[in-house]
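*Asks:* 3D model of this:
(2 chains)
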Amino acid sequence: MADQGAADPGNNNNNKPEASEGTIIKVTVKTPKDKEEIAIAEDASVTQFKEEISQRFKAKQDQLVLIFAGKILKDGDSLSQHGIKDGLTVHLVIKTTHKTGDASSTSASSSTSTQAGSTSPSSPGSNPSSTTGSTSAAPPPTQTPNLLSGFGDLAGLAGMGMGSNNFMELQQQMQRQLMSNPEMLSQIMENPLVQNMMSNPDLMRQMIMANPQMQQLMERNPEISHMLNNPELMRQTMELARNPAMMQEMMRNQDRALSNLESIPGGYNALRRMYTDIQEPMFSAAREQFGNNPFSALGGNSESGAQPSRTENREPLPNPWGPQNSSNASESTGGTTGSTTTTTGTTPSVSNPLGINPGSLGNGMFNSPGMQSLMQQISENPQLMQNMLSAPYMRSMMQSLSQNPELASQVLMNNPLFAGNPQLQDQFRSQLPVFLQQMQNPEALSVMTNPRAMQALMQIQQGLQTLQTEAPGLMPSLMPGGTPGIPTGVSMPAGVSMPAENPASSPSSGVTNPAQQQLMQQMLQMFAGGSAPTQTPEVRFQSQLDQLNAMGFINREANLQALIATGGDINAAIERLLGSQPS
Amino acid sequence: MNKDVVRYNVQLYIYDLSRGMARSLSPIMLGKQLDGIWHTAIVAYGDEFFYGGEGISSCPPGGTMLGPPDTVVELGETEVSEDIFMEYLSSLGESTYRGDMYRLFEHNCNTFTNEVAQFLTGSPIPSYITDLPSEVLSTPFGQILRPILDSIHIAPPGGNVINGGRNV
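*Replies:* Numbers count the residues shown, from 1 in each chain, chains lettered A, B, ... in the order given. As a prediction, this is how the structure comes out:
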């Protein structure tokens, strides 16, 4: 006994070493939160070790789980049996018995594991796995946190939304659908628009209704409240939000319908009236609302659109379809567009699809994850880009941008590419008018939609770059955008997600150091974000294709197109294939 | 040891975030050869776990936007059951591996993977991965880039964040 006492000065507990020949060893016990050094006899048993630990960590012995080298230490074992020697580290997990805290935190992961098909027992108690399929009223409130916790703090708002049964069912249906198809879920989650919408329509409705202006509006125009109460319509809107291609179609349809309306005598006035009566107040109400509410705060970006003014707003909204609402197609039906705008007016909050979160970049509208995912989608689907650019509203947005250089510069400055680099910003600002003009040039547009042309441009840039490094004296004043406008413009929307095969694609080939910096930024953007899927859509949609095949849709080409257009959503793809309008 | 203990396989998924660019460009840019910018994740119990700017996330294996991994390393087997592991992860996610604790150089996905690997199997992950930050920082270029890089949080999308708290 005396030996041990002398050998271990640090021992001030009732350490009861078993046999007297064992020397005391110091073992580090590490929990996720902290670590302690415990002195114990070399040949002590695990039980004794746990006694020590329970004293030190203030936990009950049966709550302790000790792990060493991947093995769980059982009470009957001895330390030496596991090879635990002096100076080694043993891991400790203290089992907590409370279920509520863990339920919401682990339910997200257990729902993932349920998706993945594995039937591994879910974590401490509760019923996370059962909530995925349940239809009863009680679990859905925890169900929403499952997905919403992945979307960050929207979970808190989930409680608000549990209103009428209609919406709960709707939501559950959606969630169940998503749960059953993990592939689809992960793809959908990539799109922050969806994430917003997924915080159920009821919630939106609640929020919309809570605004006194809206209430007034609803009193005056009962059609609006009908619209909000109609789950069908809400679901449609959600589908729209989720599927940009579909949304465009819808918009175009509406535009067409409305322009027809115009030609009816008295129609134009009716439209105007509709707009002023309904849409404007709705817009401004919604905007106010979203300016002040937790949603936008969650995005980490301060909502810049919180302008309660009633004039047409040219401020950049977080979504390219936003500006079109305010600057052009404003005569579209107040209802649907209203709700669409409200969705687009919110800052998408969550998983940054391109994996970049360059700190806080101020009015991060343009660099918001939504924008970036948009860009990524664009680059993947040149057709989409084509559509987008040729859409009439895009034109008008370009026009308004070019007419209002301040606006444009603001928008562009927010791009992460230029953040923190005032030199580049200045250069760009001076180039702005030229750039904008070129954006308007239909040729430029067609170039942008042509990936091969893009690559060629990139190669030119690259060549110039190499030339510069090789023979710096030769090109002393290669202004950024030696091929002005276009490539810079390209780098802005698409550079972030251009196929990463082209390394030195820095568009801004300035001189020496600033150029290096810019190059670096560009490349970093691409490193972190440019690792966009280089898989073809075919590979990505493989499982969906198989499913469609199994269902009897044998036209692979058409299936693929449909899947691409709907972003992997099987049901929507089927609708498309069947020829019905995805309205 | 008793053979009827359930063992779970643990793997390390290694992704090259630069998609090969680092291998070709690093000699030029940094002056030393880096074969990749490694992002790693632990795959166990049928799920992939990784740490990023949002905290600890999980997804089906290979289910992030990065696609399938470039390399898979078998780390061994563990006796730790899934619920104990999830508890462990929750605690980690609330303390040292919250989203806002992410630091590209000192406390990143690979730090996390290393720690989890040791927890589960007792062995660390290959050192060329954990040495990457110091390799980069030891070049003058890395030093210059440091302020920019520090603000980058890598968070490959496609995962669910495990704990409810996230950095806002």
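*Asks:* residue ranges with poor pLDDT in the stretch 101-250 of chain A?
*Replies:* Within the stretch 101-250 of chain A, the stretches with pLDDT under 70 are A:101-248.
*Asks:* how close does the closest residue to chain B within the stretch 1-150 of chain A sit to residue B:117?
*Replies:* Among the residues of the stretch 1-150 of chain A, residue A:69 lies closest to chain B, at 3.0 Å counting by CB to the nearest CB. Any C-beta I mention is one placed from the backbone N, CA and C, and that applies to glycine too. Separation of residue A:69 from residue B:117 (CB to CB, to the nearest Å): 11 Å.
*Asks:* closest point of chain B to chain A, which residue?
*Replies:* Chain B approaches chain A most closely through residue B:122 (3.0 Å), counting by CB to the nearest CB.
*Asks:* one step back: residue A:69 and residue B:117: which is more packed in?
*Replies:* Set side by side, residue A:69 and residue B:117 show unequal neighbour counts under other CB atoms under 10 Å in any protein chain shown, the larger going to residue B:117 at 25 against 19.
*Asks:* so the more buried one sits against residue B:125, correct?
*Replies:* Yes: using CB atoms under 8 Å, residue B:117 is in contact with residue B:125, at 5.1 Å.
*Asks:* joint contacts of the two?
*Replies:* B:12, B:75 (CB atoms under 8 Å, 6 or more residues apart in numbering or on different chains).
*Asks:* how about residue B:73: what's its closest non-neighbour residue?
*Replies:* Spatial nearest neighbour of residue B:73, chain neighbours left out: residue B:12 (4.2 Å); criterion: CB to CB, 6 or more residues apart in numbering or on different chains.
*Asks:* ok so the one you found is a strand residue?
*Replies:* Yes: secondary structure of residue B:12 (DSSP: H, G, I helix; E, B strand; the rest coil): part of a strand.
*Asks:* remind me which residues of chain B are low pLDDT?
*Replies:* Per-residue confidence for chain B (pLDDT under 70) gives these ranges: B:1-3, B:163-168.
*Asks:* which residues in it form strands?
*Replies:* Secondary structure of chain B, counting by DSSP state E: strands at B:8-16, B:38-44, B:47-52, B:55-59, B:71-78, B:160-161.
*Asks:* quick check: buried residues in stretch A:65-83?
*Replies:* Neighbour-count burial for stretch A:65-83 flags A:65-73, A:77-79, A:82 (criterion: 16 or more other CB atoms under 10 Å in any protein chain shown).
*Asks:* should've said stretch B:128-137
*Replies:* Within stretch B:128-137, the residues that count as buried by 16+ other CB under 10 Å are B:129-130, B:132-133, B:136-137.
*Asks:* for the residues you listed, give me TSV that also has distance to residue A:572.
*Replies:* Compiled in TSV, the buried residues of stretch B:128-137 are given as follows (distance: CB to CB, whole Å):
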residue	distance to residue A:572
B:129	41
B:130	44
B:132	42
B:133	44
B:136	44
B:137	48
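*Asks:* sorry, back to before: among the strands of chain B, which is nearest residue A:567?
*Replies:* Closest to residue A:567 of the strands of chain B is strand B:55-59 (CB to CB; 18.0 Å).
*Asks:* off-centre distance for stretch B:16-27?
*Replies:* Counting by CA atoms, centre = their mean, to the nearest Å, stretch B:16-27 is centred 18 Å from the centre of its parent chain.
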